[in-house]
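Visitor: Requesting a structural model of the entry that follows:
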Amino acid sequence: MESPSVNSETDLNPHRPTLSRTLVLCVAIVAIGAAMLVLIFNTEPGANRETAVRQSAVLVDVTRPETGDFHPVIQALGSVRPAREIELRSRVSGQVESISDRLSPGGFVKAGEVLLRIEDADYRNALLQRQSELHQAIAELELEKGRQIQAEREYRDLKADRGEALDPANLSLILRQPQLRSAEALVESARAAEAQAQLDLERTVVRAPFDAQVLDRTVNLGSQVSAGEALAQLVGLDRYWVEVTVPLDKLRWLRFAHGEPDQGSTVTIAHRSAWPAGQVREGHLDQLVGELEGGTRLARVLAVVDDPLARQPENEGMPGMIIGAFVEASIAGREISGALKLPREYIRQGDTVWLMRDGALAIQPVTIEFEDANYAYVSDGLAANDQVVTTNLATVKEGLRLRPRDTGTPEVAGASGQAAAQP
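Guide: Now for the predicted structure:
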């Protein structure tokens, strides 16, 4: 009996929503939201910027190659060597009785200067003895000459009495010619012995053979030395060598003096670790050493630097060179005529350059005549009025649209010297 009352209550409220109508309303709301999201994503501003990049030319920097006659510079490393070096040795034996104060490591000595003295009493006595023997030999020669005169007189008397000449062999004996030659030989021998004794006496005084710097000394006052023993090590002051190693393909660009300083390539020497910034010494390339450097297989060449210790007035204030030091050498090569000069970083892979022609990128192969540490010298494939692209491009393609930076147009893309582009 209760059921009819419930049904009658529902029928009496016709505005109450049904379940199906609620579900339809929720689905409609979700669909409208999804449509709005799709519209937003499809109309965002980023799509227009991508189109602008695709349609814009890449902003680049350009330069023109340098024309003229050039002297390329070959950079290399070298070591300093003395051009004249000796190990001073004793010519006689004896005790060192005096040493010059200049004969010490680092000291400078003049040619002919007395460096040390060896006790000479024994050599003076030997000289006196040799002189005495010479006088005795001369006296014997004079006596023999007198005997020969007497023999000739006796021979003439004998010949006059007998009236015939003697056999030549017997005549030589009668006239004492062998005895005369023997006496003359004894005189010559005694004279040579005296000269040797005089030389030995003079050699007790050791002198500098040339203007030199002392690198080392191996004896002291009172040292007992023998003939041939080392006394000191000296190097000449007039010039040093710098032995430089260069690649074999660079040799044809070098000029060697071969004893004529004006004919050799100019060499600039720098020693950064020892000399003040900017100070250098200049020399010239002298000759090619006929042997490759063992480890690197590079060619060895000798550069000459005059007055290496800057002792002459014209080199006052210049830095002095140190034997054994490793230095940097810049060698001026032969003149290159008719080539175009570009910084090396503008030469691209495969010996090409990037050119801007009619607003587009052109990849141009070139022939490089010579390359030094900073520049490339192009002999073919490049003209003086060509515009060389110096900007590093992220995308490289023949015909890529370009525009020079100096047009005033705002840059589309790029940073730190690189320009981004899409084909």
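Visitor: Could you verify that residue 140 is part of a helix?
Guide: Yes. The assignment for residue 140 (DSSP: H, G, I helix; E, B strand; the rest coil) places it in a helix.
Visitor: How is the closest residue in space to it that isn't next to it in sequence assigned, secondary-structure-wise?
Guide: Nearest residue to residue 140 in three dimensions, chain neighbours excluded: residue 183, at 5.3 Å (C-beta to C-beta, 6 or more residues apart in numbering). The way it works is simple: take the backbone N, C-alpha and C, and place the C-beta from them, glycine included. Secondary structure assignment for residue 183 (three-state DSSP): helix.
Visitor: Wait, residue 183 touches residue 148, no?
Guide: No. The criterion here is C-beta atoms under 8 Å, and residue 183 misses it with residue 148 at 9.6 Å.
Visitor: more neighbours, these two?
Guide: Neighbour totals were compared for residue 183 and residue 148, and residue 183 leads with 21 against 16 (other C-beta atoms under 10 Å).
Visitor: how close does residue 56 get to residue 403?
Guide: Per C-beta to C-beta, to the nearest Å, residue 56 is found 9 Å from residue 403.
Visitor: hang on, residue 378 in a strand?
Guide: Yes. Residue 378 forms part of a strand when assessed by three-state DSSP.
Visitor: And for it, the neighbour number?
Guide: With other C-beta under 10 Å as criterion, residue 378 counts 25.
Visitor: I'd like to know the beta-bridge partner residues of it.
Guide: residue 340, residue 368 (DSSP bridges).
Visitor: Quick check: buried residues in stretch 200-220?
Guide: 200-201, 203-204, 206-208, 211-215, 217, 219 (16 or more other C-beta atoms under 10 Å).
Visitor: cool, stretch 132-148 as well?
Guide: With burial defined by 16+ other C-beta under 10 Å, the residues of stretch 132-148 counted as buried are 133, 134, 137, 140, 141, 144, 148.
Visitor: which of those residues lies closest to residue 346?
Guide: Proximity of the buried residues of stretch 132-148 to residue 346 (C-beta to C-beta) peaks at residue 134, which lies at 85.0 Å.
Visitor: where do the helices sit along this structure?
Guide: With DSSP state H applied, the chain shows helices at 3-11, 19-42, 46-55, 121-162, 168-174, 177-202, listed in chain order.
Visitor: Select, out of those, the one closest to residue 362.
Guide: Per C-beta to C-beta, nearest to residue 362 of those: helix 46-55, 21.0 Å.
Visitor: any idea how far residue 35 is from residue 22?
Guide: Taking C-beta to C-beta as the measure, residue 35 falls 21 Å from residue 22.
Visitor: Show me the shaky parts of this structure.
Guide: Across the chain, the ranges flagged by pLDDT under 70 are 1-18, 43-55, 158-170, 406-423.
Visitor: The lengthiest strand in the chain pairs with which strands, and in what direction?
Guide: Taking DSSP state E as the criterion, the chain has its longest strand at strand 281-292. Using DSSP bridges, strand 281-292 pairs in its sheet with strand 266-270 (antiparallel), strand 299-306 (antiparallel).
Visitor: got a list of contacts for the longest one?
Guide: Where contact means C-beta atoms under 8 Å, 6 or more residues apart in numbering, the residues beyond strand 299-306 that reach it are 78, 83, 238-248, 250-251, 254, 256-257, 261, 264, 267, 269, 281-289, 291-293, 321, 329, 331.
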